[in-house]
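In: Pasting the sequence and the predicted coordinates here, then a few questions.
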Number of protein chains: 2
Amino acid sequence: MKTAVLGATGLVGRAMLKLLEGCSWLSGDPLLLASSRSAGSKLRFRGRELTVQEVTEDSFSDVDIALFSGGGATSRTWGPVATGSGTWVIDNSSAFRTQESIPLVVPEINGSLVQIRSGGGGGLIANPNCSTIQVAMAVAPLNEVFGLREVHVTTMQAVSGGGRKAVEELERQVAGQPSSAGDDEVFPQLIAANVIPAIGSALDDGSYEEENKVVKELRKILGRGTDLAVTCTAVRVPVINGHSAAVRVVCDRPVDLEAAHLALGDRPGLEVTNDPHDYLTPRQVDGQRIVHVGRVRLDPADDRALLCWVVADNLLKGAAWNAVQIAELLAREPAS
Amino acid sequence: MKTAVLGATGLVGRAMLKLLEGCSWLSGDPLLLASSRSAGSKLRFRGRELTVQEVTEDSFSDVDIALFSGGGATSRTWGPVATGSGTWVIDNSSAFRTQESIPLVVPEINGSLVQIRSGGGGGLIANPNCSTIQVAMAVAPLNEVFGLREVHVTTMQAVSGGGRKAVEELERQVAGQPSSAGDDEVFPQLIAANVIPAIGSALDDGSYEEENKVVKELRKILGRGTDLAVTCTAVRVPVINGHSAAVRVVCDRPVDLEAAHLALGDRPGLEVTNDPHDYLTPRQVDGQRIVHVGRVRLDPADDRALLCWVVADNLLKGAAWNAVQIAELLAREPAS
C-alpha cells in the first residue's frame, strides 16, 4: 500500500514515521507531506533521508493510505481532496470524529468498522483523542462484561499532547530560561511545577474542549448514547510524555474483582495488574504501545462501581500507533 | 498564651512559626522544640533568633498551647506528656485523628468542638490531613445545603506534603543532579516529569494511606458515618507546593448552579469563582490561606451531582494555618 503522512514533521507525524518503518505492507517509502512552511525538511526513514514535500491537489493521486496529523484545519482542507482521489485517510485531528457517518476507531474495540466498501475507493476514518483512546481501552471490556452506566474520569495529561511547542515551553521553564515575547504561548500560565485544569478552548456547557472530547468520543467508540453518563476533568501536568487517568466506573451489574481482572486480562493492547496497589507511571510507559491498567479497586460503598488507574504513551497508542493500527487493518483487507 | 512548637525545623513547623508572628494572643516568644537531632538550630521569629531546644519531660510545664508537627511517632510519645502537663496539643500528625474521643477540627466547619472544658486543663485536638482539609472546606457547605451522598476525589498533591526531603528530591531531579545512595528515598520512582498514584503505605483494603485518610477524616469532620460514600485516588505530582483536587459530589437533592454558588459563597476561608471555566492553580495559591473552588459544573447526567476543582496551599490551610486557627480558638476561649 502506497502510504503518505501529512504533518510529518510534528511529534505525532514523526512517531508515525518511526512506526511505519516496521510495517511490511508498505510499498516503497512513505510520501511525506506538510504545509509549505515545513516542506523541504528532511526526515530519516529506514536509514535514509526523505524530503518533506508541500501538500498539493495532486499529492494523493497515487496514495492508498494517508495518515493525517496536521491539525483540524489541515484535515478539513485536505481530507476531501485525498478521499476524492480514492485515498483512505486516517485522520488524527478532531475535525471529523463526531460526524455520524465517519467511523471513530480503536482497532481493539471497534476495528470491525474498518471495512473497505466493495467497489468504493477511499474514505475517512477518524483516530480518537489521545486520552479517550486509553480510557476506552480500559473501560470497553468492563462495558462488555458488566454493562457500563457511568464513567468518571480525571486525566493528568503530558505536554507532548500539545505538540512540540508545548514540550519546548515546559523544557524552557524547567531550565529556568527567560522566555521572550511569544515564547510562552501554549499554556495559559506556567506549567512547570504546576497543574492546569483547562485543555483546549472553553465551551458553552462549562467544560473545556478536551473534556468534551472524552465524553462524546468515548460514547461513540463504545457504540453508546447519552444513556452512558460520562464526566471528565482534564488536567495538564508537567510531564513530558504519557497520559494518566484516574477512572471510576459504575456498572449495571455488581462487579467483583476477580471478574474484573478476567474482563481486563488477555486483551490485545491492554495490560492489567491484579494487585490494587500496583500501577505504572507516565515515565514507565513512555515508548510503549500498550495501555496499562493498575490500581483496580472496588468502591466499598457501591458494589457496581470500580476504580482504576490508566496510563499510556499518548503519542503512540494515543495517536500514532492507533493510526498505524488502523492502516494495518486497511492493508490487510482484500482490495475492493 | 504561652505557646510551643514541636518539630519547629520542618516545613510545617517553620510555616507555623511564621504565622505565629502575627498572633497577638502569644505571650512571649514561642518555645521551639525538636528532637535532639535538630536541637540547637536557630530560627528567626519577629526579627530575632530563637534556639531550638530538645524536647524533654519538662518542656511543657509552662506551656498553654503546643503545636505538634514532628510526625506520628513524636506525637504518640510527647502528646500524653504535654496533655499531662495541662497543655493543649494541636497535633498535625495522623496519630490521633481517627480516635473517637479526639476532635478533628477545621475551624470554619466544626470549630465549635474546640471548647476548653471547665475545670479541665489541657487536651488534644487533631489537625486533619492536608488534602482532606481543602476538600472538606469545599464540600461542607454542599453537605449543609444539599445533603451529601457521595464524594469522589482525585488529588494531585505537591511534594511539600512529603516534607523537606521530598522537596529536595524533586529539586535535585529537576536540576539533573545525580543522586548518591540514599538520596532518592522519599518517592518510589522519579517524581520529576512524572505522576505517582501512591502516597503513604499500602493498606489491606487496596488503598494507600493518604486515600484512606481522605475517606475517614472527611466523614469525621463532616460528622457523617459510612452513609457518606467517599472514594479517593491520591496522586503525587511534580509541583513544589499547593495541592489540587478534582472533586465530584452526588447530593441527596437536586443541585442547581446558582444555589451551589450561594452555598459556597461568603464562607470564611473559602473563595469560589462562578464561571465554570475559572480556576486557580497550585502556583497561584502558594502562600495563601484560603481554599479556592473553581470549575464548578453540573453533571449533565445527574441533577444531584456537581463537579469542582479545589486548590489550596497544603502547608498553610492544609497544615500550619489550620493549626494556628485552632490555637486562636483556644486563645479566645475564657480560661477555665
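Out: Noted; the coordinates are in hand. Numbering: from 1, shown residues only, chains lettered A, B, ... in the order given.
In: Tell me, how many residues neighbour residue A:175?
Out: Neighbourhood size, residue A:175 [other CB atoms under 10 Å in any protein chain shown]: 11. Bear in mind the C-beta positions are built from the backbone N, C-alpha and C, glycine included.
In: ugh, typo on my part, it should be residue A:237
Out: When neighbours are counted by other CB under 10 Å, residue A:237 registers 27.
In: Just list the residues touching it, thanks.
Out: A:156-158, A:195, A:244, B:156, B:195, B:237-238 (CB atoms under 8 Å, 6 or more residues apart in numbering or on different chains).
In: any idea which of those is closest to residue A:12?
Out: Set against residue A:12, the nearest of those by CB to CB is residue A:158 (12.9 Å).
In: Now that the closest one has come up, it's in contact with residue A:242, right?
Out: Yes. Using CB atoms under 8 Å, residue A:158 is in contact with residue A:242, at 5.2 Å.
In: Those two: who's more crowded?
Out: Comparing residue A:158 with residue A:242 by other CB under 10 Å, the one with more neighbours is residue A:242, at 32 against 28.
In: Throw the contacts of residue A:237 into JSON lines and include secondary structure and distance to residue A:125, thanks.
Out: Shown next, in JSON lines, are these (DSSP: H, G, I helix; E, B strand; the rest coil; distance: CB to CB, whole Å):
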{"residue": "A:156", "secondary structure": "strand", "distance to residue A:125": "28"}
{"residue": "A:157", "secondary structure": "strand", "distance to residue A:125": "24"}
{"residue": "A:158", "secondary structure": "coil", "distance to residue A:125": "25"}
{"residue": "A:195", "secondary structure": "coil", "distance to residue A:125": "34"}
{"residue": "A:244", "secondary structure": "strand", "distance to residue A:125": "27"}
{"residue": "B:156", "secondary structure": "strand", "distance to residue A:125": "35"}
{"residue": "B:195", "secondary structure": "coil", "distance to residue A:125": "32"}
{"residue": "B:237", "secondary structure": "coil", "distance to residue A:125": "35"}
{"residue": "B:238", "secondary structure": "coil", "distance to residue A:125": "37"}
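In: Make a markdown table from those and add distance to residue A:267 and pLDDT to it.
Out: A markdown table is the format used below for the contacts of residue A:237 (distance: CB to CB, whole Å; pLDDT from 0 to 100):
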| residue | distance to residue A:267 | pLDDT |
| --- | --- | --- |
| A:156 | 23 | 98 |
| A:157 | 23 | 98 |
| A:158 | 24 | 98 |
| A:195 | 31 | 98 |
| A:244 | 19 | 98 |
| B:156 | 29 | 98 |
| B:195 | 24 | 98 |
| B:237 | 29 | 98 |
| B:238 | 31 | 98 |
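In: which of those residues lies closest to residue B:103?
Out: Nearest to residue B:103 among the contacts of residue A:237, counting by CB to CB, is residue B:156 at 28.7 Å.
In: Report the contact partners of that closest one.
Out: Shown in contact with residue B:156 (CB under 8 Å, 6+ apart): A:156, A:195, A:235, A:237, B:195, B:235, B:237, B:239, B:243-246.
In: run the last query once more with 6 Å
Out: Contacts for residue B:156 (CB atoms under 6 Å, 6 or more residues apart in numbering or on different chains) come out as A:195, B:235, B:237, B:244.
In: quick one: which of these is nearest residue B:22?
Out: Set against residue B:22, the nearest of the contacts of residue B:156 by CB to CB is residue B:244 (26.7 Å).
In: isn't that closest one right next to residue A:195, touching?
Out: Yes. At 5.4 Å, residue B:244 counts as touching residue A:195 under the criterion of CB atoms under 6 Å.
In: between these two, which one's more packed in?
Out: Using other CB under 10 Å as the criterion, residue B:244 and residue A:195 rank with residue B:244 on top: 31 against 28.
In: Tell me the spatial nearest neighbour of the more buried one, not counting adjacent residues.
Out: Take residue B:244 and drop its neighbours on the chain: the residue closest to it by CB to CB, 6 or more residues apart in numbering or on different chains is residue B:156, 4.4 Å away.
In: now residue A:225
Out: In space, residue A:225 comes closest to residue A:219 once its chain neighbours are excluded; the distance is 6.3 Å by CB to CB, 6+ apart.
In: what about the closest residue to chain B within the stretch 1-150 of chain A, which SS state?
Out: Residue nearest to chain B within the stretch 1-150 of chain A (CB to the nearest CB): residue A:150, separated by 7.1 Å. Following DSSP: H, G, I helix; E, B strand; the rest coil, the label given to residue A:150 is strand.
In: if we look at the helix or strand where the residue nearest to residue A:225 lies, which residues are touching it?
Out: Per DSSP states H and E, residue A:219 falls inside helix A:209-222. The contact list for helix A:209-222, computed with CB under 6 Å, 6+ apart, reads A:97-98, A:104, A:106, A:109, A:128-129, A:131-132, A:136, A:143, A:153, A:199-201, A:203, A:228, A:230, A:232, A:234.
In: I'd like to know which elements whichever helix or strand comes after it is packed against.
Out: Next helix or strand after helix A:209-222 toward the C-terminus (DSSP H and E): strand A:229-236. Using 3 or more CB pairs under 6 Å, 6 or more residues apart in numbering or on different chains; DSSP states H and E, the elements in contact with strand A:229-236 are strand A:148-157, helix A:209-222.
In: The stretch 51-200 of chain A against chain B: which residues are in contact?
Out: For the stretch 51-200 of chain A, the contact set with chain B under CB under 6 Å from any CB of the partner chain comprises A:152, A:154, A:156, A:174, A:190, A:193-197.
In: thinking again about what came up before, for residue A:86, which of the helices and strands packed on strand A:229-236 is the nearest?
Out: With CB to CB, the closest approach to residue A:86 among those belongs to helix A:209-222: 25.9 Å.
In: could you give the angle of the closest one to strand A:229-236?
Out: Counting by axes from the mean of the first three to the mean of the last three CA atoms, to 10 degrees, helix A:209-222 points 140 degrees away from the direction of strand A:229-236.
In: List the buried residues of helix A:209-222.
Out: Under the neighbour-count criterion of 16 or more other CB atoms under 10 Å in any protein chain shown, helix A:209-222 has A:210-222 buried.
In: Stretch A:274-284 - what's its average pLDDT?
Out: Mean pLDDT, computed over stretch A:274-284, is 97.
In: Are it and chain B in contact anywhere?
Out: Yes. Stretch A:274-284 is in contact with chain B by CB under 6 Å from any CB, via A:276-277, A:279, A:281-283.
In: what about residue A:77, how many neighbours?
Out: So residue A:77, with other CB under 10 Å, has 13 neighbours.
In: burial count for residue A:121?
Out: 15.
In: picking up where we left off before, with distance to residue A:49 as extra columns, can I get the residues of stretch A:274-284 next to chain B in CSV?
Out: Listed next are the residues of stretch A:274-284 next to chain B as CSV, based on distance: CB to CB, whole Å:
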residue, distance to residue A:49
A:276, 49
A:277, 48
A:279, 41
A:281, 35
A:282, 32
A:283, 31
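In: Columns neighbour count on top of those, output as TSV?
Out: Putting these into TSV (neighbours: other CB atoms under 10 Å in any protein chain shown) gives the following:
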residue	neighbour count
A:276	22
A:277	16
A:279	24
A:281	26
A:282	25
A:283	19
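In: now these in JSON lines, with secondary structure?
Out: JSON lines is the format used below for the residues of stretch A:274-284 next to chain B (three-state DSSP):
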{"residue": "A:276", "secondary structure": "coil"}
{"residue": "A:277", "secondary structure": "coil"}
{"residue": "A:279", "secondary structure": "coil"}
{"residue": "A:281", "secondary structure": "coil"}
{"residue": "A:282", "secondary structure": "helix"}
{"residue": "A:283", "secondary structure": "helix"}
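In: hmm, back to that, now, the most widely separated pair of the residues of the stretch 51-200 of chain A next to chain B?
Out: Maximum pairwise distance in these, criterion CB to CB, is 31.4 Å, between A:152 and A:174.
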